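Visitor: have a look at this prediction, sequence included:
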Amino acid sequence: MLDRKQKINRLLQFGIEINQVADLDLLIEKILSEARFLLKADAGSIYIRDEDKLNFSYAQNDTLQKKLAPNKKLIYTTFSMPINNNSIAGFVANNGSVLNIPDAYKISKALPFSFDGSYDKISGYHTQSMLTLPMKNTRKQIIGVLQLINALDENGKTIPFREEDEPIVQHLTMYAANAIERAQMTRTTIMRMISMAELRDPKETGPHVNRVATYAVELYEAYAQRKGIPQEEIDALRDKFRLAAMLHDVGKVAISDVILKKPGRFTPEEFEIMKQHSVLGARLFAEARSEFDEFSALVALNHHERWDGKGYPGHIDVKTGEALKGKSDENGKPLGKKGEEIPLFGRIVSLADVFDALSSRRIYKDAWDEEKVLSIIREESGGQFDPELVDIFFEIIDVIRSVRERYPDDM
């Protein structure tokens, strides 16, 4: 276990590292992991404030994780609760106070809050010690709640959380609250860009882009782990990739409403115009000043390429729209990129985007049932999609399903 000096040094390093994470979901994951590491907590969760309620946003549990197969992820259900004194997290958010509970099942009935043990019954887990803290920004506003569960001693036995550790975690929650605010502003900016596309194209909704981006990140992480890429490198790329994946169709803002909002099938001429959104999206990020710009251009340009080479826009000069030298057909049109000519992130978003499009209800169609969608994904392995990514997709299908439930269209 870390001594106090080591914990303080780790906390200071965390304060630096957290400012480098831009995506909200990945930031929350990092905050919870670090808090649990500092206090050797077996499990924990984070709630994000949304006006007068708390959204259960992320959870980790080492005991339950160890029961899963290697590289499998813990599936949890998201939910909301009112900010009031009836629940532990609600009480903390409502009063801005810290609760250090030695045994969740022995809370005094004189207190207004109680512990809901229903999840323990479902999962077979036993919650005992709990440390719940408000995440306050520098203006003392409560952004969310951090909850740590079951502190462990050197032998792995559950013990109460130490009072002397509370100030350290309170400093962490302050760093966390400010970082979450910054990430929320980044997310808001990106969602505004997507809203511009949504005004033009009803298919480009907030839930859709969040699902596609999260599917993409999960596919990338599983792929990278299979290739033996270090987790630190995976985490660094996941952050920028998720944001870039959200903007995969941003080029549609430059396509005519007559085409975007057409309810029926496109004519061949209309489809050729529609296909330009991939190049137009890439042009928005052509003057790359960061990895985020590079990834956004790469995803926008390549997410309609096909593994079999029949996709678009193919080998094209983004600035001119012309085919690259030696990469055109007899009519001068760019040849489609094929196989691993298509950048990995483009191949991933292609699969994520098609899965979500088929699975979702649109103005012009109902959602397809899952069996039919999965059948199409299998059939297109080696055709539209990278076969290895299709294999990985089915390996993590439970995670994919949980993501779909996390971002419903009626949210």
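Guide: Arrived safely. Numbers count the residues shown, from 1 in each chain.
Visitor: low-confidence ranges, the stretch 301-411 of the chain, go.
Guide: Filtered on pLDDT under 70, the stretch 301-411 of the chain yields the residue ranges 363-365, 410-411.
Visitor: change it to 90
Guide: 330-332, 360-367, 405-411 (pLDDT under 90).
Visitor: how about the stretch 151-300 of the chain?
Guide: Using pLDDT under 90, the flagged stretches of the stretch 151-300 of the chain are 186-208, 231-232, 235-236, 239, 250, 252-268, 286-291.
Visitor: how about the strands in it?
Guide: 158-159 (DSSP state E, counting those that start in this stretch).
Visitor: residue boundaries of the helices in the stretch 51-200 of the chain?
Guide: Along the stretch 51-200 of the chain, counting by DSSP state H, counting those that start in this stretch, helices occupy 62-65, 88-95, 118-123, 166-200.
Visitor: list the buried residues for stretch 133-145?
Guide: Buried positions in stretch 133-145, judged by neighbour count with 16 or more other CB atoms under 10 Å: Leu133, Pro134, Met135, Lys136, Asn137, Ile142, Ile143, Gly144, Val145. All C-beta atoms are positioned from the backbone trio N, CA, C, and that covers glycine.
Visitor: closest to Pro167 among these?
Guide: Leu133 (10.6 Å; CB to CB).
Visitor: pLDDT at the closest one, what is it?
Guide: We have a pLDDT of 98 for Leu133.
Visitor: could you do Ser114 as well?
Guide: On the pLDDT scale, Ser114 is placed at 95.
Visitor: which residues does it form a beta bridge with?
Guide: Ser87 (DSSP bridges).
Visitor: on that earlier part again, tabulate the helices of the stretch 51-200 of the chain (JSON lines), appending distance to His208 and mean neighbour count.
Guide: Shown next, in JSON lines, are the helices of the stretch 51-200 of the chain (distance: least, CB to CB, whole Å; neighbours: other CB atoms under 10 Å):
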{"stretch": "helix 62-65", "distance to His208": "30", "mean neighbour count": "16"}
{"stretch": "helix 88-95", "distance to His208": "30", "mean neighbour count": "22"}
{"stretch": "helix 118-123", "distance to His208": "30", "mean neighbour count": "11"}
{"stretch": "helix 166-200", "distance to His208": "9", "mean neighbour count": "18"}
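Visitor: got those as TSV, with distance to His315 columns?
Guide: Listed next are those as TSV, based on distance: least, CB to CB, whole Å:
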stretch	distance to His315
helix 62-65	44
helix 88-95	53
helix 118-123	51
helix 166-200	26
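Visitor: looking at those, which is closest to Ala367?
Guide: Evaluated over those, closeness to Ala367 peaks at helix 166-200, with 18.3 Å, by CB to CB.
Visitor: helices or strands up against that closest one?
Guide: Helix 166-200 is packed against helix 4-17, helix 24-39, strand 130-136, strand 142-152, helix 206-226, helix 231-246, with contacts defined by 3 or more CB pairs under 8 Å, 6 or more residues apart in numbering; DSSP states H and E.
Visitor: for Tyr407, which of those is the nearest?
Guide: Closest to Tyr407 of these is helix 206-226 (CB to CB; 4.5 Å).
Visitor: elements contacting the closest one?
Guide: Counting contacts by 3+ CB pairs under 8 Å, 6+ apart, helix 206-226 packs against helix 166-200, helix 231-246, helix 344-359, helix 387-395, helix 397-406.
Visitor: re earlier: please identify which of the helices of the stretch 51-200 of the chain is closest to Tyr105.
Guide: Of all the helices of the stretch 51-200 of the chain, helix 118-123 comes closest under CB to CB, at 9.0 Å.
Visitor: who's in contact with the closest one?
Guide: Leu64, Tyr125, His126, Thr127 (CB atoms under 8 Å, 6 or more residues apart in numbering).
Visitor: show the buried residues in these.
Guide: Using 16+ other CB under 10 Å as the burial test, the contacts of helix 118-123 include Leu64, Tyr125, Thr127 as buried.
Visitor: between these, which sits nearest Ser360?
Guide: Using CB to CB, Leu64 comes nearest to Ser360 of the buried ones among the contacts of helix 118-123, at 30.2 Å.
Visitor: right, I'll leave it there.
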